[in-house]
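Student: Fold the stuff below for me.
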Amino acid sequence: MRPIRTLGDQVLRTACDPVRTFDTALQRLVDDMFAARAACTTSAATWRARSTSTR
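Tutor: Take a look at the predicted model:
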């Protein structure tokens with residue numbers, strides 16, 4: 001998995017080049033982004049479930 005950029009990272013303020021071709025490399029990037037989001041969502045849901053069940 002790729003590193004996750006977080007708020008405050010200057011890379012997030014850098015304009016990207018326009019997409020001219022949606023090739024396999026770009027498809028892999030998009031797939032990785034969705035996988036990272038799903039992993040974070042799952043982790044957050046698990047954390048919430050555990051924290052509320054111990055109350």
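Student: what's the helix or strand for Ala38?
Tutor: Using DSSP states H and E, Ala38 sits in helix 24-53.
Student: pLDDT on that helix, on average?
Tutor: For helix 24-53, mean pLDDT rounds to 80.
Student: what pLDDT does the residue lying closest to Cys40 once chain neighbours are set aside get?
Tutor: In space, and not counting its chain neighbours, Cys40 is closest to Ile4: 7.7 Å by CB to CB, 6 or more residues apart in numbering. The C-beta positions use only the backbone N, C-alpha and C, and glycine is treated the same way. Here, the pLDDT recorded for Ile4 equals 81.
Student: pretty sure Ile4 is touching Ala36, no?
Tutor: Yes. Under the criterion of CB atoms under 8 Å, Ile4 makes contact with Ala36 at 5.9 Å.
Student: neighbour-wise, which of the two wins?
Tutor: Comparing Ile4 with Ala36 by other CB atoms under 10 Å, the one with more neighbours is Ala36, at 14 against 11.
Student: Could you check how far the more buried one is from Arg2?
Tutor: 7 Å (CB to CB, to the nearest Å).
Student: so how far is Thr21 from Leu12?
Tutor: 24 Å.
Student: Repeat that for Phe34.
Tutor: Relative to Thr21, and taking CB to CB, Phe34 is found at 20 Å.
Student: Between these two, which is the more surrounded one?
Tutor: Ranked by neighbour count (other CB under 10 Å), Phe34 and Thr21 place Phe34 first, with 10 against 6.
Student: list the contacts for the more buried one?
Tutor: Applying CB atoms under 8 Å, 6 or more residues apart in numbering to Phe34 gives no contacts.
Student: This completes my enquiry, with thanks.
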